[in-house]
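> need a structure here:
(one chain, ligands or ions: 1)
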Amino acid sequence: MTELTGMTREEISVWMKEQGYPAFRGKQVFEWIHRGIDFDGMTNLPAVMRESLKQTAVAQPVSIRLSRKSALDGTEKVLYALQDGNCVEGVIMHYKFGVSLCISTQVGCRMGCRFCASTLEGRIRDLTAGEMLGEVLAVNRLLQLTQQKVSHIVLMGSGEPLDNYQQVIRFLHLLREEGGVKISLRNVSLSTCGIVPKMYDLAEEDLPVTLCVSLHAPNDIIRRKTMPIAERWSMEEILEACRNYIRKTGRRVIFEYAMTAGINSSEADAAELADRLRGMQCHVNLIPLNAVPERNLQGVSEESIRRFMQVLEDKHISVTRRREMGDDIEGACGQLRRKTINGTESGDA
Ligand code: SAH
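Residues are numbered from 1 along each chain as shown. Reported below is the predicted structural model:
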């Protein structure tokens with residue numbers, strides 16, 4: 001089966017021609033796909049064409065298997081079904097400025113961060129660009145009921161985006177295709193645990209996405225306690241790659257920092273972090289840790305977060321505390337998927 005979702009408008013036209021159809025049909029198919037419509041609904045195509053396309057191609061590779069909405073803030077967690085029976089998660093967040101969708105880029109992850117539930121069973125496989133776009137299309141179908149659409153994207157679901165580089169780049173290009181979903185790359189953030197060579201590659205792509213880096217520590221000794229990737233690249237190498245990204249794109253980098261009890265959240269840690277980031281065009285996003293029972297790691301008190309923030313602010317580092325969204329709906333990466341696979345989630349789609 002050919003997955004059309006991952007193709008550009010031009011590529012679909014070429015493919016349609018190869019199948020013996022006129023090229024203008026390609027444009028029509030592309031536009032239907034980006035509107036989230038499957039072959040059955042492509043009403044301006046002859047019925048026989050729709051039937052034969054169904055036999056050879058896939059238009060909507062992702063469907064929503066279950067979803068649950070937070071009673072606290074309207075954040076919605078979804079579990080997507082992929083064609084091969086695998087599933088990945090997404091989070092829909094409603095803001096004043098629009099609707100932001102958290103995208104998964106791999107089934108599982110092989111980065112092994114100790115606090116993260118996505119990585120507990122390693123990486124199963126990479127998602128294709130078409131599946132990533134399929135996540136957006138599935139959510140747009142869901143949001144249609146309330147006449148909303150995804151306007152912002154964060155690549156912060158399961159998987160390491162820079163460990164699936166080619167497909168992620170293709171996905172980013174698809175977002176801005178003429179006649180497609182048309183999401184501005186200025187509204188897209190990509191988060192990495194710090195795969196240094198790929199951070200340099202990304203800086204050369206000329207794509208205005210915001211780079212987020214999961215730092216979670218003020219130095220390598222602490223970073224190595226929770227992040228195996230820290231054995232491979234030092235924090236200095238990561239920060240140098242960030243400076244390069246800032247130089248090349250003119251965009252500030254965002255550092256994510258999950259506050260973990262007894263590991264990275266003292267005032268001394270904050271002071272060390274501030275010193276290392278001094279002079280950089282950056283922003284620190286403090287994340288209250290979503291405790292993962294399998295890993296025996298705990299978050300910290302509100303008071304500790306406040307004190308940590310104060311130290312950064314006193315040293316003129318721009319910092320915010322991430323809103324804890326969807327805390328009642330297994331908001332943290334990989335948690336809903338694990339519960340469902342393990343059979344402790346009822347599947348109330
Ligand atoms: N692989 C990418 C993106 C996926 S995770 C990365 O590492 O950045 C998105 C963010 O959530 C990362 O900053 C990650 O470190 C963080 N995260 C994962 N598990 C978490 C947890 N249990 N509590 C808080 N943040 C978590």
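> Low-confidence regions, the chain specifically.
324-349 (pLDDT under 70).
> Val78: which element?
Taking DSSP states H and E as the definition, Val78 sits inside strand 76-82.
> partner strands of whichever helix or strand comes after that strand, parallel or antiparallel?
Once strand 76-82 ends, the next helix or strand along the chain (criterion: DSSP H and E) is strand 87-95. Partners of strand 87-95 in the sheet, by DSSP bridges, are strand 76-82 (antiparallel), strand 98-102 (antiparallel).
> Give me the neighbour count for the residue nearest to Ala271 when sequence neighbours are not counted.
Nearest-residue entry for Ala271: Val311, 5.5 Å, with adjacent residues in sequence omitted and distances by C-beta to C-beta, 6 or more residues apart in numbering. The way it works is simple: take the backbone N, C-alpha and C, and place the C-beta from them, glycine included. As a burial measure, Val311 scores 19 neighbours (other C-beta atoms under 10 Å).
> same deal with the one 4 residues further on?
Neighbouring residues of Lys315 were enumerated by other C-beta under 10 Å; the total is 15.
> which residues touch it?
Residues in contact with Lys315 (C-beta atoms under 8 Å, 6 or more residues apart in numbering) are 271, 274-275, 278.
> where's it relative to the ligand, distance?
22 Å (C-beta to the nearest ligand atom, to the nearest Å).
> Ala268 now?
Distance of Ala268 to the ligand, computed by C-beta to the nearest ligand atom: 22 Å.
> Pull the distance from the helix or strand hosting that residue to the chain's centre.
Ala268 is part of helix 267-277 when elements are defined by DSSP H and E. Centre-to-centre, helix 267-277 and its host chain are 27 Å apart (C-alpha atoms, centre = their mean, to the nearest Å).
> try stretch 253-266
Remark: stretch 253-266 is offset 20 Å from the chain centroid, using C-alpha atoms, centre = their mean.
> what residues does it touch?
115, 189, 191, 210-218, 222, 225-226, 242, 245-246, 273, 277, 280-289, 297-300, 304-305, 308.
> Check whether that stretch comes into contact with the ligand.
Yes - for stretch 253-266 and the ligand, the contact criterion (C-beta under 6 Å from any ligand atom) is met by 256, 258.
> And the buried ones among the contacts of stretch 253-266, selectable in ChimeraX?
This is the ChimeraX syntax for the buried subset of those, where burial follows 16 or more other C-beta atoms under 10 Å:
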select :115,189,191,210,211,212,213,214,215,216,217,218,222,226,242,245,246,273,277,280,282,283,284,285,286,287,288,289,297,299,300,304,305,308
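> tell me which parts of the chain are close to the ligand?
111, 113, 115-116, 156, 160, 191-193, 214, 256, 258, 287, 289-290, 292, 332-333.
> what ranges do the strands span in the stretch 101-250 of the chain?
106-108, 123-126, 152-155, 188-192, 210-214 (DSSP state E, counting those that start in this stretch).
> Quick check: which helices or strands does the helix or strand harbouring Arg306 pack against?
Assigned by DSSP H and E, Arg306 falls within helix 302-314. Using 3 or more C-beta pairs under 8 Å, 6 or more residues apart in numbering; DSSP states H and E, the elements in contact with helix 302-314 are strand 253-259, helix 267-277, strand 282-288, strand 319-321.
> Pairing partners for the last one, with directions?
In this case it means strand 319-321. Strand 319-321 has these partner strands in its sheet, going by DSSP bridges: strand 282-288 (parallel).
> what residues does the strand it pairs with touch?
212, 242, 246, 252-259, 273, 277, 299-300, 305, 308-309, 312, 317-322, 324.
> was I right about Leu101 contacting Lys149?
No - assessed by C-beta atoms under 8 Å, Leu101 is found out of contact with Lys149, at 9.9 Å.
> More neighbours: which of the two?
Neighbour count, other C-beta under 10 Å: between Leu101 and Lys149, Leu101 has more, with 25 against 17.
> need the contact list for the more buried one.
Applying C-beta under 8 Å, 6+ apart to Leu101 gives the contacts 90-93, 135-136, 139, 150, 152-154.
> Just the buried residues out of those, in PyMOL syntax.
To isolate the buried subset of the contacts of Leu101 in PyMOL, counting by 16+ other C-beta under 10 Å, use the following:
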select buried, resi 90+91+92+93+135+136+139+150+152+153+154
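> so can I have a markdown table of the contacts of Leu101 showing distance to Ser13?
Formatted as a markdown table, these follow (distance: C-beta to C-beta, whole Å):
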| residue | distance to Ser13 |
| --- | --- |
| Gly90 | 30 |
| Val91 | 34 |
| Ile92 | 32 |
| Met93 | 35 |
| Glu135 | 24 |
| Val136 | 22 |
| Val139 | 26 |
| Val150 | 25 |
| His152 | 29 |
| Ile153 | 26 |
| Val154 | 31 |
